[in-house]
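Participant: just a sequence and a predicted model for now, questions to come.
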Amino acid sequence: MRLIKNAARGEIKIIDNAPFPSTNVDKVSNLLKKCPIASETPLLELEDFLPHGTLWVKDERGRMGLGSFKALGAAYVIASHAQELDENPCSTTLEGKTYVTASAGNHGLSLAAGAKIFGAKAVVFISETVPESFSDRLREKGAVPVRKGIDYAASMSAALKAAEENDWILLSDSSWKDYIDQPLKLMEGYLQMADEAMNQSKSKASHVFLQAGVGGLAGAVAAHIRKIWGDTPLITVVEPSAAPALQKSIELGKPVLTEGPDSIMGRLDCKEPSFIALNGLARDADYFLTLDDVEVTRCLEKMSKSNLATTASGGAGVAAAMNEQVAELLNLGPNSNVLCFLSEIAE
């Protein structure tokens with residue numbers, strides 16, 4: 001475990017040519033109102049669960065039947081593209097278009113689902129380490145899985161090359177130099193769950209723990225929290241010790257490519273941050289925390305017994321809140337209200 005305070009909090013951008021995350025939640029909610037399966041997910045309240053305080057958990061496991069908050073990402077972007085062409089899009093609006101990405105999990109499923117709804121094709125590049133069961137799930141959603149590369153970075157390079165060679169639409173959940181517009185819109189979709197959580201809560205949270213891979217979820221949620229709740233909540237970003245891309249980037253004041261072994265928190269095992277998320281979190285987050293695999297794994301059984309069954313990735317934020325050392329360092333007390341996001345179903 002390693003915890004650092006964000007010395008850049010509230011200051012200027014780390015990356016000048018990348019924006020801050022969007023906070024236009026009305027745009028998201030207005031589009032989702034047209035989707036019959038886009039119902040609100042619950043906010044669970046658990047007392048006597050943490051070392052100190054009350055735990056509020058935004059439960060994203062049932063989001064749009066995809067089992068993950070990622071349903072609000074790629075599918076939202078594709079729906080936005082369809083609406084730009086037709087105010088009332090249908091199953092043929094995007095015929096002839098192909099979306100491509102790389103994924104180790106839920107992002108690929110969201111892209112596949114969105115493409116299928118509006119008549120587009122979906123191609124998802126996956127690395128050699130991704131289980132074949134995930135390929136099967138992609139096929140069930142109508143996508144074409146392509147296995148390429150030894151890790152996520154290699155499969156993303158292959159997806160980018162395929163997009164350029166075939167004139168396909170690249171839809172990544174990260175951002176980098178010269179690739180900003182699509183991930184900015186994708187992160188915008190995540191505002192919906194943040195807005196729901198704040199409307200469902202009884203008061204402002206005192207502490208918020210946000211798990212992060214490239215940082216899309218964390219960046220979007222933190223931006224909305226600051227817009228609505230201001231500086232009151234203490235926001236902590238949680239990453240695997242094997243992939244401290246955001247923590248290291250904050251320390252050095254620039255985006256950093258990190259190295260490390262594979263983590264059991266596979267969805268969070270991202271070695272390089274999203275530029276947009278890094279800008280937002282440098283401005284909005286108070287602390288950056290890394291957890292070892294064992295520190296998260298030992299929390300999963302208790303979570304499961306309390307109807308919070310999830311993966312190590314999906315429960316990393318809750319695991320951070322459960323850590324007694326973290327609770328002491330961040331001054332969690334009996335009156336603390338701690339907000340976390342349960343981001344995916346158990347596998």
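Facilitator: Perfect, thanks for sending it. Residues are numbered from 1 along each chain as shown.
Participant: any idea how far the residue most central in space within the chain is from residue 297?
Facilitator: Nearest residue to the geometric centre of the chain (CA atoms, centre = their mean): residue 217, 3.2 Å. Residue 217 sits at a distance of 21 Å from residue 297 (criterion: CB to CB, to the nearest Å). Placement of C-beta: from N, CA and C, glycine included.
Participant: okay, domains of this structure per the record?
Facilitator: Domain ranges of the chain: 2-69+187-342, 74-172, per automatic domain parsing.
Participant: okay, those in JSON lines with distance to residue 179 next?
Facilitator: Conversion of those to JSON lines gives the following (distance: least, CB to CB, whole Å):
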{"stretch": "domain 2-69+187-342", "distance to residue 179": "9"}
{"stretch": "domain 74-172", "distance to residue 179": "7"}
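Participant: ok, and the closest non-adjacent residue to residue 45?
Facilitator: residue 56 (5.7 Å; CB to CB, 6 or more residues apart in numbering).
Participant: which SSE is that neighbour in?
Facilitator: strand 54-59 (DSSP states H and E).
Participant: hmm, back to that, what sits against the residue nearest to residue 45?
Facilitator: 43-46, 197, 201, 205, 337-340 (CB atoms under 8 Å, 6 or more residues apart in numbering).
Participant: at 10 Å what do you get?
Facilitator: 43-46, 197, 200-203, 205, 208, 321, 337-341 (CB atoms under 10 Å, 6 or more residues apart in numbering).
Participant: name whatever forms a beta bridge with it.
Facilitator: Beta bridges link residue 56 to residue 45, residue 339, judged by DSSP bridges.
Participant: how much space separates it from residue 238?
Facilitator: 16 Å.
Participant: same thing with residue 331?
Facilitator: Here the distance between residue 331 and residue 238 works out to 17 Å (CB to CB).
Participant: again, but for residue 202
Facilitator: Taking CB to CB as the measure, residue 202 falls 24 Å from residue 238.
Participant: and the two? Which one has more around it.
Facilitator: Between residue 202 and residue 238, residue 238 has the larger neighbour count (other CB atoms under 10 Å), namely 29 against 10.
Participant: assumed that one was part of a helix.
Facilitator: No - read with DSSP: H, G, I helix; E, B strand; the rest coil, residue 238 is strand and lies in no helix.
Participant: run through the residues that contact it.
Facilitator: Going by CB under 10 Å, 6+ apart, residue 238 touches 3, 209-212, 218, 246-247, 265, 268, 287-291, 296, 316-321, 323, 326, 340.
Participant: in strands, which of the residues you listed appear?
Facilitator: 3, 209-211, 287-291, 340 (DSSP state E).
Participant: possible to save these as a markdown table with pLDDT, distance to residue 233 and neighbour count?
Facilitator: As requested, the ones in strands among the contacts of residue 238 are exported to a markdown table (pLDDT from 0 to 100; distance: CB to CB, whole Å; neighbours: other CB atoms under 10 Å):
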| residue | pLDDT | distance to residue 233 | neighbour count |
| --- | --- | --- | --- |
| 3 | 98 | 17 | 18 |
| 209 | 98 | 10 | 28 |
| 210 | 98 | 11 | 28 |
| 211 | 98 | 16 | 30 |
| 287 | 98 | 12 | 22 |
| 288 | 98 | 15 | 26 |
| 289 | 98 | 15 | 27 |
| 290 | 98 | 20 | 21 |
| 291 | 98 | 20 | 28 |
| 340 | 98 | 12 | 29 |
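Participant: what's the closest of those to residue 161?
Facilitator: Closest to residue 161 out of the ones in strands among the contacts of residue 238 is residue 211 (29.9 Å), distances taken as CB to CB.
Participant: wait, a helix at residue 187?
Facilitator: Yes - according to three-state DSSP, residue 187 belongs to a helix.
Participant: which one is it nearest to, not counting chain neighbours?
Facilitator: Among residues not flanking residue 187 along the chain, residue 220 sits closest, at 4.4 Å (CB to CB, 6+ apart).
Participant: state whether that neighbour is indeed within a strand.
Facilitator: No - counting by three-state DSSP, residue 220 is not part of a strand but helix.
Participant: just checking, it touches residue 186?
Facilitator: Yes - with contact defined as CB atoms under 10 Å, residue 220 reaches residue 186; the gap is 9.0 Å.
Participant: what touches both of these two?
Facilitator: Common contacts of residue 220 and residue 186 (CB under 10 Å, 6+ apart): 22, 72-73, 276.
Participant: can you add secondary structure and pLDDT and give those residues back as JSON lines?
Facilitator: Output for these, formatted as JSON lines (DSSP: H, G, I helix; E, B strand; the rest coil; pLDDT from 0 to 100):
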{"residue": "22", "secondary structure": "coil", "pLDDT": "96"}
{"residue": "72", "secondary structure": "helix", "pLDDT": "89"}
{"residue": "73", "secondary structure": "coil", "pLDDT": "90"}
{"residue": "276", "secondary structure": "helix", "pLDDT": "96"}
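Participant: put together JSON lines for the residues you listed, with distance to residue 83 and neighbour count on each row.
Facilitator: Below are these laid out as JSON lines (distance: CB to CB, whole Å; neighbours: other CB atoms under 10 Å):
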{"residue": "22", "distance to residue 83": "16", "neighbour count": "22"}
{"residue": "72", "distance to residue 83": "15", "neighbour count": "29"}
{"residue": "73", "distance to residue 83": "16", "neighbour count": "27"}
{"residue": "276", "distance to residue 83": "22", "neighbour count": "28"}
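Participant: wait, is residue 100 part of a helix?
Facilitator: No - Residue 100 sits outside any helix when classified using three-state DSSP, being strand.
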